[in-house]
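Asks: quick one, fold the following:
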Amino acid sequence: LAFVPMLLISFAYNELNKADPDCGTTFTWATRAFAPKTGWMGGWGIVAADVLVMASLAQIAGQYIFLLFNAKGIGSHAASGWVLLVGILWIVAMTAICYVGIEISANFQKALLGIEITMLVILSIVALVKVGNGSAPIGHLTPSWSWFNPLGGSFKALVEGLTLMLFIYWGWDTAVSVNEETSNKTVTPGRAAVISTVILLGVYELVVLSAQSYAGLGTKGIGLGNPAHQGDVLSVLGGSIFGSSGFGSFLSHLLLLMVLSSAAASTQTTILPTARTTLSMAVYKSIPSAFAKIHRRFLTPTVSTVTMGAVSIIFYVVMNYVSSGSVIVDSVTALGVMIAFYYGLTGLSCFWYYRKTLTESARSLFMRGILPLLGWALMWAIGGYSLVQDWGTGSSFTSWRVPGVHWEIGGAFLLAVGSILLGFVLMLVYRAISPPFFRGEVLNRDTLTLVPDDVGTPVGLFGIDPNDDPTETE
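Replies: You can find the predicted model right below:
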């Protein structure tokens, strides 16, 4: 079910990228469709989401490096000082790779993704074969069609699952955020976004099916309900599925390396879009111009990239020592709200951007209108419901008691709402410092555009006669 809104929003990214392949993505498109303040908050949504997840990615990387070298005593303690140190060095290394060029980053991604998908497929096939021949451990389950029934549990559990999956599916929009550095920039990035969601669906279905079948849902041993390893299922499953000696041990360690490569890939695809978003925001004068600086040799946004790395390190260090690192898990929960916000805004922007041309064809009506609008409704409904649920402590590992009224507010709610409020305050501050962008003098809804289906024909999407001033066409 979570795949459905993701696919619909990927359609919106694809269509908007055809009209305006700008690395600011949601920031630029929402500004053109609605108003500067709406676009600014869309850009902030991307930045806030990326910063929130960096602590989690760094922590995973730190843990799995020690697990890879059999130092389980250190790797099993997420908030360990050694894990923190390695996590910081990890952010520095990934920031450096993003700094030295998009070609290096892209080739690094290809290698990482090759390792990940290959190992996940091998793990899943071996697990399912053992389930099929009866050699899986006690407690394993036989796959059932009922597992695919989303209405088999409570509505609350369903929405919580959808919110978690928003985080798990998230990241394919990085392909669109590097559109200005991509060959055939109006086609390739959007197509990559759509294809990525479909690949993710196949991988997740296969891995979840095999893991649940092999391990079962028991609360002991390797059962997925065992609280002892719910924060690290793959390292436990790898040793059981592949064995602990000979070639099995090699595959188990390769699986750990896969998780490391996944953390590396995710860290990269978090730094890249943030740097490009802030680059675009700076070019359009909605944030300080320093963020628009480009390295003459590497052709990458220097200040934006380094700042993202530095802010991520500060955030990770602080989060690591708050509630013994438990708040890092809450940041992932809060992340779902931010993803739903800016993904949903992209879907709504697509509908509004093309609203006057939707009746030109059935394709335009569905791909630029109905489907993106449905994606927006689903995203914001999931995000809104999740935010309501996060108010209490049931969805969080940390909480805060409000003095005087004795309210117990969940940490995930505080992170999500706090991030939104911080963005709103920063927007008001910069609007007072540099108002031209917010007055619509730099980027606004009246800008003419080219509808891709009519290449070369300027179309006034927002009620402007394109014959008035053809030189303004972008």
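
Asks: and residue 295, what are its phi and psi?
Replies: Main-chain torsions, residue 295, degrees, to the nearest 10: phi -70, psi 130.

Asks: dump the residue contacts of it.
Replies: Applying CB atoms under 8 Å, 6 or more residues apart in numbering, we find residue 295 in contact with 99, 301, 302. All C-beta spots, glycine's among them, are computed from the backbone N, C-alpha and C.

Asks: next one: it relative to residue 25, how far apart?
Replies: 21 Å (CB to CB, to the nearest Å).

Asks: look up the closest residue to residue 392, ignoring the ones flanking it.
Replies: residue 410 (5.7 Å; CB to CB, 6 or more residues apart in numbering).

Asks: which parts of the host helix or strand of residue 110 are buried?
Replies: Following DSSP states H and E, one finds residue 110 within helix 102-133. Using 16 or more other CB atoms under 10 Å as the test for burial, helix 102-133 gives 102, 105, 108-109, 112, 115-116, 119-120, 122-124, 126-128, 130-131.

Asks: same thing with stretch 84-92?
Replies: Using 16+ other CB under 10 Å as the burial criterion, the residues of stretch 84-92 that qualify are 84, 86, 87, 88, 90, 91.

Asks: dump those residues into JSON lines; add pLDDT, secondary structure and distance to residue 177 as well.
Replies: Below are the buried residues of stretch 84-92 laid out as JSON lines (pLDDT from 0 to 100; DSSP: H, G, I helix; E, B strand; the rest coil; distance: CB to CB, whole Å):
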{"residue": "84", "pLDDT": "92", "secondary structure": "helix", "distance to residue 177": "29"}
{"residue": "86", "pLDDT": "92", "secondary structure": "helix", "distance to residue 177": "28"}
{"residue": "87", "pLDDT": "92", "secondary structure": "helix", "distance to residue 177": "24"}
{"residue": "88", "pLDDT": "94", "secondary structure": "helix", "distance to residue 177": "25"}
{"residue": "90", "pLDDT": "91", "secondary structure": "helix", "distance to residue 177": "21"}
{"residue": "91", "pLDDT": "93", "secondary structure": "helix", "distance to residue 177": "19"}
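
Asks: which one of those residues sits closest to residue 38?
Replies: residue 91 (31.0 Å; CB to CB).

Asks: surely the closest one and residue 313 touch.
Replies: Yes: between residue 91 and residue 313 there is a contact under CB atoms under 8 Å: 5.4 Å.

Asks: pull the distance from the helix ranked longest in the chain to the chain's centre.
Replies: In the chain, taking DSSP state H as the definition, the longest helix is helix 246-283. Counting by CA atoms, centre = their mean, to the nearest Å, helix 246-283 is centred 12 Å from the centre of its parent chain.

Asks: so which other helices or strands are in contact with it?
Replies: The contact analysis (3 or more CB pairs under 8 Å, 6 or more residues apart in numbering; DSSP states H and E) places helix 246-283 against helix 26-33, helix 36-68, helix 81-99, helix 102-133, helix 174-177, helix 233-242, helix 302-321.

Asks: now do it and helix 102-133, the angle between them.
Replies: If you take axes from the mean of the first three to the mean of the last three CA atoms, to 10 degrees, helix 246-283 sits at 140 degrees to helix 102-133.

Asks: for the record, mean pLDDT for helix 246-283?
Replies: If you average the pLDDT over helix 246-283, you get 87.

Asks: what does stretch 218-226 give?
Replies: The pLDDT scores in stretch 218-226 average 90.

Asks: neighbouring contacts of it?
Replies: Stretch 218-226 has contacts (CB under 8 Å, 6+ apart) with 137-139, 211-212, 215-217, 227, 229-230, 233, 236-237, 240.

Asks: lowest-confidence one in those?
Replies: Lowest confidence among the contacts of stretch 218-226: residue 230, with 76.

Asks: ok, it - how many residues close by?
Replies: 11 (other CB atoms under 10 Å).

Asks: sec struct for the residue lying closest to it once chain neighbours are set aside, please.
Replies: Excluding its sequence neighbours, the residue lying closest to residue 230 (CB to CB, 6+ apart) is residue 224, at 7.5 Å. Recorded secondary structure, residue 224: coil (DSSP: H, G, I helix; E, B strand; the rest coil).

Asks: now residue 224: how far from residue 394?
Replies: For residue 224, the distance to residue 394 equals 20 Å [CB to CB].

Asks: likewise residue 286?
Replies: For residue 286, the distance to residue 394 - CB to CB - is 38 Å.

Asks: show me where pLDDT drops low in this structure?
Replies: 444-474 (pLDDT under 70).

Asks: try it again at 50.
Replies: The chain contains residues with pLDDT under 50 at 447-474.

Asks: secondary structure of residue 401: a strand, I assume?
Replies: Yes: the assignment for residue 401 (three-state DSSP) places it in a strand.

Asks: give me the spatial nearest neighbour of it, chain neighbours excluded.
Replies: Nearest to residue 401 is residue 408, by CB to CB, 6+ apart, at 5.5 Å.
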